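make a model of this:
(2 chains)
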Amino acid sequence: MCTELRQATAPQIWAIASGKGGVGKSVIATNLAISLAKEGRRCTLIDADLGGANLHTLLGMQRPKRDLTHLFTDNQVNLQQLAIPTGIDGLDLVCGSMDMLDVANLHLAKKQKLIRQVASLDNEHVIIDIGAGSSFNSLDFFLLGHQSILVVLPTPSSLENVYHFLKAALSRKFTQAARRLGLSLSIDSSALLPWPQIEKLRATQPLTADALQEEVGRLQPRIIINQARTVEERQLGGQIALACRHFFNINVEALGSIDFDERVYTSVQKMKPALQEEGEFGFDLAIHDITRNLLDSGRSK
Amino acid sequence: MSERALQDAYATLKVARDANLATIETAYAQHKELFNNNSMACYSLCSEEEQQVSFKVVESAHQLIISECFSQRNKAESEPASTSECSIDAATPDQGVSPGSFLKQQRQALDISLASIVEQTKVRRTILGHIEDEVYDQLPAPVYLRGFIVEFAKIVCAADPHQIASQYLELMRQDAC
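Okay, here's the model as predicted:
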């Protein structure tokens, strides 16, 4: 009974990463959070872009007095206490660290504390904005999501980073699953895809291999194409999903695409999120559609 | 044709063995797009040569599946039980009526909806509409189209469905010249 109650109140976590910086991940994370709040859902937005925190600026807020630094430096502080109101009904923000120079190289115990507390936050939804790159911190926050979302620009450089990120995430998922099953595998970190290692294991431990395959297969990332300018670019998500199935043997789902929109640039300049502006534009509709897609696929899980 | 090769072909296009022609066609188009020279989605995943090889693998997988589909179909047609689908008189096009118009007129005369043809042929509605209206540049490759038209013609009780399909493809070929 107790477990059931805990699960019923555990938040639905959407983790948003990009592999590459400057693709609009933070803008999308912020506006998805506002979109949830506008649907009457309670959401905590967490700025986990350690070392590059700026969501408070996107939201037009003053630099807050409390941020993640306090979680890492003070044992008495918990994540819930760091959530501050944003002025938007239903939406709280946990600001990223501003004063810890080495915060991007987070110590394991501190990271685990953060991960534990995110999963037990008392709220309906949590959106985590994850820093660029494929560091273990970024990967671990990405794997924490019930929905693991990647923002991609229709450019070769963005795709290259996203594919690298996905391979690294798969490898990390494999390592975590192997550890959970008590396996002491000599994991070859240069061979990023886990499937050959699972197949090798199958010869001697078929049941364990099945369990590993199932666990790693649970990673089903979603793709958002940002700043699309042509029909082909809007459809790139489907092509990426096909490529991931072919080359990585994982199921990736295209969530939708967002057209390039000058208005979004202006909103960042004005420090007022696009979804808080008067009127409804293509960007707002795209964000709304993606929110609905995420909510629907969360229900069917 | 070996069963193993066929299995591989279905796996290459990632479609189920009982997939209908429209599904196979869509999967083929998507894979062709993925492995063509300008595909951005393949960037950094494979070399140009590997991309070309994959493109060829997709082409031959598709060829294999399509020829298997049609040989299955011909086998079914040669069995006597399936020869008379229509219980009413079979029709032929009047002089001067193009095959697309004939299919449309015949469908309307028999009061069959496009949705019902979609249901029976598993071909997408837009394609059926384009077949009727003879929008040649929006139609799939002749290798599928022939099968689609034959199925369509059977449902609307054409006397010789294969003849209608041949006429249709001939007119389409002339139009392209």
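
all helices for the stretch 151-300 of chain A, in order.
Taking DSSP state H, counting those that start in this stretch to define them, one finds helices in the stretch 151-300 of chain A at A:156-180, A:195-202, A:206-217, A:231-234, A:236-248, A:262-270, A:282-299.

dump the ones you listed into JSON lines; add distance to chain B and mean pLDDT as well.
C-beta here means a position set from N, CA and C on the backbone, and glycine is covered the same way. As requested, the helices of the stretch 151-300 of chain A are arranged in JSON lines below (distance: least, CB to the nearest CB, whole Å; pLDDT from 0 to 100):
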{"stretch": "helix A:156-180", "distance to chain B": "4", "mean pLDDT": "94"}
{"stretch": "helix A:195-202", "distance to chain B": "15", "mean pLDDT": "91"}
{"stretch": "helix A:206-217", "distance to chain B": "15", "mean pLDDT": "93"}
{"stretch": "helix A:231-234", "distance to chain B": "8", "mean pLDDT": "92"}
{"stretch": "helix A:236-248", "distance to chain B": "4", "mean pLDDT": "94"}
{"stretch": "helix A:262-270", "distance to chain B": "22", "mean pLDDT": "92"}
{"stretch": "helix A:282-299", "distance to chain B": "20", "mean pLDDT": "90"}
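
now tabulate these in TSV and tack on mean neighbour count.
Output for those, formatted as TSV (neighbours: other CB atoms under 10 Å in any protein chain shown):
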stretch	mean neighbour count
helix A:156-180	20
helix A:195-202	15
helix A:206-217	16
helix A:231-234	15
helix A:236-248	21
helix A:262-270	14
helix A:282-299	17
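
just put the ones you listed in JSON lines and tack on distance to residue A:21.
Shown next, in JSON lines, are these (distance: least, CB to CB, whole Å):
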{"stretch": "helix A:156-180", "distance to residue A:21": "9"}
{"stretch": "helix A:195-202", "distance to residue A:21": "30"}
{"stretch": "helix A:206-217", "distance to residue A:21": "27"}
{"stretch": "helix A:231-234", "distance to residue A:21": "20"}
{"stretch": "helix A:236-248", "distance to residue A:21": "19"}
{"stretch": "helix A:262-270", "distance to residue A:21": "14"}
{"stretch": "helix A:282-299", "distance to residue A:21": "20"}
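
for chain B, what spans make up the helices?
B:3-13, B:21-35, B:48-78, B:99-109, B:114-121, B:125-133, B:142-155, B:161-176 (DSSP state H).

for chain A, find the nearest of these.
Shortest separation from chain A across the helices of chain B is recorded for helix B:21-35, at 5.2 Å, computed as CB to the nearest CB.

now the residue of chain B found nearest chain A: closest residue in space that isn't a chain neighbour?
Nearest to chain A in chain B, going by CB to the nearest CB, is residue B:41, at a distance of 3.7 Å. The shortest distance from residue B:41 to any non-neighbouring residue, by CB to CB, 6 or more residues apart in numbering or on different chains, is to residue A:239 (3.7 Å).

sorry, back to before: these two touch, right, the residue of chain B closest to chain A and residue A:243?
Yes - if you go by CB atoms under 8 Å, residue B:41 and residue A:243 touch, sitting 4.6 Å apart.

next, show the common contact partners of these two.
Common contacts of residue B:41 and residue A:243 (CB atoms under 8 Å, 6 or more residues apart in numbering or on different chains): residue B:34.

buried residues, stretch A:36-54. List them.
Across stretch A:36-54, burial judged by 16 or more other CB atoms under 10 Å in any protein chain shown covers A:36-38, A:41, A:43-54.

would you mind checking the average pLDDT for it?
The average pLDDT within stretch A:36-54 is 91.

swap in stretch A:127-140?
pLDDT averaged over stretch A:127-140 gives 90.
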